[in-house]
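Novice: Test case, fold it:
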Amino acid sequence: MSENLPKGWMQTSIGKLTEFNSLFSDGDWVESKDQDVKGKNRLIQLADIGDGVFIDKSARFMNDEQFSRLNCTNLKKGDILIARMPEPLGRACLFPLDNGNFATVVDVAILRTPNADHYWLMTIINSQAFRKQIELNAVGTTRTRIPRKELSKIKLIAPPLTQQQKIARILSTVDTVIEKTEAAIAKYKAIKSGMMHDLFTRGIADNGQLRPAYEDAPKCYKQTALGWIPKEWNIFKICEVSTDCLKNGYFKKPELVGKGYKLINVSELYQPFGIDIFNAKVERVFVPDNEYKKYGVSIGDIFFTRSSLTLDGIAQCNIILEVKERVVFECHVMRLRPQQNIVLPIFLALYCRSNYARLFFMGIAKQVTMTTISQSDIEKLDVVLPDLNEQRLITQKIESIDKKIQIEQNTLNKYQKLKQGLMQDLLTGKVTVSV
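Specialist: Coordinates of the predicted model:
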């Protein structure tokens with residue numbers, strides 16, 4: 001295999017390329033009762049390690065006595081931290097801190113790279129090919145882990161140090177763009193969350209701007225069971241603004257799946273806002289014509305999940321904005337059809353995705369082995385309703401921030417694909433770099 005490598009590249013292993021440092025012997029651990037939040041010695045845990053990102057929030061510390069009692073070796077900035085247990089197994093990041101005393105729990109391995117570029121090696125470790133090798137060498141049944149000895153033996157190909165550094169600069173430049181784009185998305189989402197709260201409690205005045213807050217203009221508001229709302233608004237139960245309230249969907253038989261009408265399953269409700277029914281992943285099911293009359297989907301229909309493995313997934317809401325062929329919805333999904341002469345479907349769907357509605361649904365859901373919510377539960381939701389024109393203005397404001405988020409998301413997708421391509425080319429030697 002070595003004769004097929006680019007000139008100057010070599011076949012090596014993690015153990016040969018780095019100072020492989022276990023830091024803790026097996027069994028060393030700091031018990032919860034021994035934590036000292038005022039200590040200056042930080043204990044790094046599995047939760048601190050992301051895929052290429054150090055997550056600086058676990059905040060476990062040791063005092064000097066605890067720290068000296070363990071056979072600790074201080075971490076240094078640029079050390080590579082590798083998670084020896086899921087999830088996912090083998091994720092790695094660079095240690096970014098350079099002040100204080102730091103040590104790790106037993107299930108974190110540390111690589112120090114005096115003779116290799118640490119960013120290049122961290123990227124190698126987070127690649128799919130290397131992660132596959134970690135999984136193949138893992139042991140255990142209920143919880144797998146990679147033994148340090150096996151980790152040190154994993155092979156890789158390495159270019160000369162100067163090429164490693166050039167590859168690292170290229171990939172880190174792309175990573176910087178990705179990080180900035182992710183930060184922009186997070187910023188816009190935070191803005192959207194605050195904006196939705198203001199729009200669904202204050203609305204938009206005749207001048208096209210948010211109404212003044214109640215504290216600044218109390219005469220514009222009235223007291224209700226939901227608090228102070230604009231005096232022109234009304235409150236309805238969600239069924240009062242629908243044509244036939246909530247309906248459960250079609251029970252699909254496995255032998256009928258694969259042909260027929262497009263089918264809205266639970267997974268479609270987790271798509272971005274506005275269900276893309278034309279996505280190739282959306283399955284089809286055969287439905288008799290008499291059943292289609294009950295379970296057919298129209299533009300503006302709103303759907304909710306009936307069950308979820310997690311509480312925050314309950315009553316996940318989405319809307320259908322385009323229908324070009326016959327579509328039905330599945331029995332684990334509930335449909336609400338808005339009365340469009342009094343409520344805009346998009347306004348109602350956005351309202352059901354607001355913080356108020358989400359907290360309401362999670363508060364009323366039932367939790368046993370799974371989290372579930374019934375039609376009668378959702379029917380208890382109060383909906384604040386401005387007139388149609390103000391509803392339209394509110395939805396336009398929210399859609400404008402959604403467009404900004406989507407632009408950033410498209411940019412993020414583009415650079416993530418670019419990075420995947422660069423990793424495939426540069427880390428395997430398919431494309432070499434000049435120095």
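Novice: When you work out contacts or count neighbours from here on, use the C-alpha atoms and nothing else.
Specialist: Noted.
Novice: List the buried residues in stretch 184-200.
Specialist: Along stretch 184-200, these residues count as buried under the neighbour rule (16 or more other Cα atoms under 10 Å): 184, 185, 188, 189, 192, 195, 196, 199, 200.
Novice: Which one of those residues is nearest to residue 217?
Specialist: Nearest to residue 217, judged by Cα to Cα, of the buried residues of stretch 184-200 is residue 199 at 15.8 Å.
Novice: So the closest one sits against residue 210, correct?
Specialist: Yes: with contact defined as Cα atoms under 8 Å, residue 199 counts as touching residue 210 (7.1 Å).
Novice: what's downstream of the lowest-mean-pLDDT helix or strand in the chain, the next helix or strand?
Specialist: The weakest-scoring helix or strand in the chain, judged by mean pLDDT, DSSP states H and E, is strand 19-21 (a mean of 67). Proceeding N to C from strand 19-21, the next assigned helix or strand is strand 41-44, under DSSP states H and E.
Novice: what about the helix or strand that that next one is followed by, distance to the chain center?
Specialist: As assigned by DSSP H and E, the chain's next helix or strand after strand 41-44 is strand 60-62. Distance of strand 60-62 from its chain centroid, counting by Cα atoms, centre = their mean, to the nearest Å, is 28 Å.
Novice: Neighbouring strands - and their directions - for strand 60-62?
Specialist: Paired strands of strand 60-62, with direction, are strand 41-44 (antiparallel) (DSSP bridges).
Novice: send the alpha carbons of the strand it pairs with over as PDB?
Specialist: In PDB, the C-alpha atoms belonging to strand 41-44 read as follows (Å, rounded to 0.1, in the frame of the first residue of the first chain):
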ATOM      1  CA  ASN A  41      -8.600  22.500  39.000                       C
ATOM      2  CA  ARG A  42     -11.000  21.700  36.200                       C
ATOM      3  CA  LEU A  43     -12.100  18.200  35.500                       C
ATOM      4  CA  ILE A  44     -12.900  17.600  31.800                       C
END
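Novice: Return the set of buried residues in it.
Specialist: Neighbour-count burial for strand 41-44 [16+ other Cα under 10 Å]: 41, 42, 43, 44.
Novice: Pull the most distant pair out of those.
Specialist: Across those (Cα to Cα), the longest gap, 9.8 Å, separates 41 and 44.
Novice: what is in contact with those two at once?
Specialist: 102, 103 (Cα atoms under 8 Å, 6 or more residues apart in numbering).
Novice: Find the residue ranges of this structure scoring beneath the pLDDT cut-off.
Specialist: For the chain, applying pLDDT under 70 flags the ranges 1-3, 20-39, 58-59, 69-73, 100.
Novice: Start from the N-terminal end of it and give the helices.
Specialist: 14-17, 64-69, 118-125, 128-136, 148-153, 161-199, 289-295, 345-352, 355-364, 375-378, 388-426 (DSSP state H).
Novice: Which one of those lies nearest to residue 56?
Specialist: helix 161-199 (15.6 Å).
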